[in-house]
Structures are given as structure tokens and as C-alpha cells.
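Engineer: 3D, please:
(one chain, ligands or ions: 1)
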Amino acid sequence: MSIEVPPHPPRRVPILGDIIGLDPVKPMQNTARILASLGPIYQRRILTMRLSFIGGVDLAEDVNDEKRWQKNLARPLRQLRPISGDGLFTAENDEPNWSKAHAILMPGFTQAAMRSYHDTMLDVVREMVGAWDHADAPVDVSEEMSKLTLETIGRAGFGYRFNSYDREDIDPFVTAMLGALEYIQQKGLPIPGRALFDRRRRRRHTADVEYLNAVVDRVVEDRQVNSADRPDLLTLMLESVDPATGERLDPVNIRYQILTFLVAGHETSAGALSFALWLLSQHPEEAVKARAEVDALWPSREIPAVEFDQVGKLRAVRRVLDETLRLWPTAPGYFREAKEDTLLGGKYAFKKGDWVMVVLQRVHCDKAVWGADADEFRPDRFLPEQVRARSGAAYKPFGTGPRACIGRQFAYHEMLMALAVILHRYDFTADPSCELEVQEQLTMRPRGFALTVTRR
Ligand code: MNH
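Structural biologist: Down below sits the predicted model:
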């Protein structure tokens, strides 16, 4: 078979290469658009850098092969290191703290652990609903979902309250975090000269990072004063030892992990819930289907006292979330590097260490697998027999292999419960003139759209 070179975007220039047409504000949505026109792979060359993007299921399946490819800490992820260091998300594959922390924290993500977080998660949902019941104006969805998921990971993971429902505005942690992620996203863009931010922005960024670290220190100090009601992620980090080495996590690494969880465990789930509410508001017939399920489970009009075992029975609500993450994967992709010189898809030559990004939004809409209506919102694609008929590589919103998302079950548990309770309690409509605007700060989320909620 002959070796091929992947196509590049139009307007390549000498030396600099494919510098024209980068979108510094919405880089992922731009990349998805380019893939839609150039096919399942394209490559951008900038100076001597090679950036390869994959948008087809066959090629994704190939790079998901653990024998030949592994997680790569590409530029945007590496920029996070000053914040999250060798925490789980930004650790190199062979850094000792990855396997140590992974072993220590895994018990925090079992089914038994979810059972222990359940009541806390439900409390947060009930507080949100309490606030919505008295809302005299449409609710700002992105802001509300951000409050919900930050409060959930804070309380369930660390016994720490942000007190989101005692304040009108958004928590300064969220503002600092979004500011820091925005700065990091910009800094990670492969645009020569762009790293030269002005002094004001650099100072702002330093202040944001200091604030984030101060919150983390407060989380740990809190635990020293008030012992935990029940074991949680912080208990595991402070007290457990890694079975392989007999060692504990050191305080610096614990700090990195807490920040990792507060960031990774909050923004992605908030975005997914926001997109789900948007899509349901645009597809009332799908909201009707999901409501039938929650009404059958909880016939009374009271706020449901959701039981742990009922969450797994929310099959229709789950299909809505799965279909939402197909169309709007809030973690827009993942990076993989070749472990050895290899041919991708049997025809594109990659050397050891070369990396690709799997662009989930395109893989999730590959018509060869998802059909001609791949761009449409149809939760029934996630009925069991349809899932079984598809390649696993066609749907990877939580990544792949040993470095896949550790918080997947945590995310589903909180999202299922929140969406079920919202569907059960309210009819909701978006202003018909409202258009979806998606912003990117490494993750994707809708810019605050307003939803009018009315008690059913
Ligand atoms: Mn999460 C890794 C998506 C919720 C904590 N997460 C990943 C990866 C994806 C991802 C994709 C893999 C990235 C890569 O390969 O480079 N995560 C999501 C999505 C949601 C989500 C779409 C919600 C929806 N994640 C959560 C929650 C938590 C969490 C909730 C914590 C409570 N995620 C992580 C951590 C990692 C991760 C930690 C890094 C795991 C590792 O490398 O060991």
C-alpha cells in the first residue's frame, strides 16, 4: 500500500506554513468545520510543528490501539501544568505519581462510592430546585449548571461547601477558573508570537491562579478542623497508601489533584447538562419521552426523593445525555502519540512521538457509522441494540484506555439526577429568538442562554 500525506487547510504560506485560518476564539469548532470539508484527517504545519486532526471512526479506532498509541500531553494540556502539575489529568504516562494517584483514588469512583455520594448530590439538586421555584425571571442555564456541579464535586468529593445557593452572583472560584483556562487556551495556540501577552493579562492570570490555590488550601485546612462525615476523595488522598509502593501522596501532589478535580469535575458536566437542556428545549418531543419515564418513577408532584437504585433506571434520561455528549462532547477531544514509528490507517506515516488529536465532534458524526442524519438529535440511537451494532470507537466522550476519565460514573450520577428532577418538576422553554452560542475555554459550553421554567 502506498504512503499518503494528509491534506492541509487551504492557503499554506512559505516557512510559516498553515498559519492562516486559525481561530483563536473557537479553535475546536473551527477544526471540526475544517474536518467536515477535508475528510477524516488533516494536518496543519506551522514552522516545524505538525498538528494532525482526526475526524473519522476508522482512524480513531486505529489510534485507540493501546499497543501502538498512548495519551499525549499536547500543547494545550501541557499549558495546564502550572495549575495541575502531575495531577491525574496532566501527568505524563510514566510519571510515578500517575499510577500512585490512580491506585489511591480508584476506590473513590466505584459503585459503592457513588452510593456514598448520592445523598449529598441529591441535596444539591434540591437546593437548586428550591432556588428555581422562586425565580421570577428566566434562569441563566450555564451559570446554574456550573453552580450545581461545582457545589457537587466540592461537597461530595471534599466535604467543602462553596455555598452557591446563598449567593446571587457566580462564585469567584468559577470566574478565576474560567479566566485561567481562557488564558491557557490562548497560550496553547500554535500561533508564533501569541505567547507575548501584555503585562495586565499576565498579572490577572497570576492573580487567578493564586486565588485557585488559596481555595484549595482552604479545602485542606477545613478538613484539618472538621473531620469528614464520611470518607471521600480527600480522605483517600490524605490517608491511603498506594498498594504497589506503600507510599502516600505528597502534599504538593494532593494540591494538584484537588484543583484537577475541581476543574475537570465541574466544567465538563456543567456544559453537558446545559447542552442537554438546550437540545431538549429545541426538541420538545424528546422532552416528552424523557418526562414519561420520570413521571412513571415518581407519580407524586413533590420533588422526588430519588433513591440510589432509581438512578440506574433512568434509561431515557441517560439516552438524552449520551446523545447530547455525542453532538456536543464538552471535552472536545483527546491527544494520542505513536509509541513507535507506525502507519495510521495503513497509509499515513507517523514517527515515534508524533501526535494526533481525535476531534470527537466529527468522529461522533461520521456518517459511515451514524447514518445520513448524524447531525440530528435523536436519543434513540442509544437504545441497547443500536449501541451494540456500533464500533466502540464511534463514541468516546470520556476518552479511551487507561487515561480515560476516572469521573465518568460520578458525572453520570450527578447529571442523571439533576436532569431527571428538572424534567419532573418544570416545563421549560428557550426564547425562540435565542441562538446557541458555544464558547471554548479548553472545554465547550453554551454561552449563558435563558430558560423560562414553569412548575408543572
Ligand atoms: Mn473527566 C479525563 C471527559 C467529568 C475527572 N475526562 C477525561 C478525559 C475526557 C474526559 C475526554 C480524557 C482526557 C485525555 O485523554 O486527555 N470528564 C469528561 C466529560 C465529563 C467528565 C465529558 C462530564 C460530562 N471528569 C469528570 C468528572 C471528574 C473527572 C465529574 C471528577 C469527579 N477526567 C477526570 C480526571 C481525568 C479525566 C481526573 C484524568 C484521568 C487520568 O488521566 O488518569
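Engineer: surely residue 100 meets residue 250?
Structural biologist: No. When contacts are counted by C-beta atoms under 8 Å, residue 100 is not listed as touching residue 250 (9.6 Å). C-beta: built from backbone N, CA, C; applies to glycine.
Engineer: these two - which one has more neighbours?
Structural biologist: residue 100 (22 against 11; other C-beta atoms under 10 Å).
Engineer: give me the pLDDT for that one.
Structural biologist: Predicted confidence (pLDDT) at residue 100: the value is 98.
Engineer: what sits against the nearest residue to it once chain neighbours are set aside?
Structural biologist: The shortest distance from residue 100 to any non-neighbouring residue, by C-beta to C-beta, 6 or more residues apart in numbering, is to residue 242 (4.4 Å). For residue 242, the contacting residues are 99, 100, 103, 104, 248, by C-beta atoms under 8 Å, 6 or more residues apart in numbering.
Engineer: and residue 242, that's in a helix?
Structural biologist: No. Going by DSSP: H, G, I helix; E, B strand; the rest coil, the assignment for residue 242 is coil, not a helix.
Engineer: neighbours of the residue of the chain found nearest the ligand, how many?
Structural biologist: Nearest to the ligand, among the residues of the chain, is residue 407, at 2.2 Å (C-beta to the nearest ligand atom). Residues within reach of residue 407, counting by other C-beta under 10 Å, total 25.
Engineer: how many neighbours does the residue nearest to it when sequence neighbours are not counted have?
Structural biologist: Distance criterion C-beta to C-beta, 6+ apart; nearest residue to residue 407, sequence neighbours excluded, is residue 265 at 5.3 Å. Using other C-beta under 10 Å, residue 265 has 25 other residues around it.
Engineer: over to residue 27?
Structural biologist: Residue 27, neighbours per other C-beta under 10 Å, totals 19.
Engineer: look up phi and psi at it.
Structural biologist: In terms of degrees, to the nearest 10, the main-chain angles of residue 27 are phi -60, psi -40.
Engineer: pretty sure it contacts residue 190?
Structural biologist: No. If you go by C-beta under 8 Å, residue 27 and residue 190 don't touch, sitting 9.5 Å apart.
Engineer: against residue 108, how distant is the residue of the chain closest to the ligand?
Structural biologist: 9 Å (C-beta to C-beta, to the nearest Å).
Engineer: between these two, what contacts are shared?
Structural biologist: By C-beta under 8 Å, 6+ apart, no residue touches both residue 407 and residue 108.
Engineer: show me the contacts for residue 72.
Structural biologist: 335, 336, 337, 355.
Engineer: and of the residues you listed, the nearest to residue 43?
Structural biologist: When those are ranked by distance to residue 43 (C-beta to C-beta), residue 355 comes first, at 11.3 Å.
Engineer: next up, phi/psi of the closest one, please.
Structural biologist: Backbone torsions of residue 355, given as degrees, to the nearest 10, read phi -120, psi 160.
Engineer: mind listing what it touches?
Structural biologist: Taking C-beta under 8 Å, 6+ apart, one finds 52, 72, 74, 335, 336, 337, 338 in contact with residue 355.
Engineer: taking these one by one, which sit in strands?
Structural biologist: 52, 335, 336, 337, 338 (DSSP state E).
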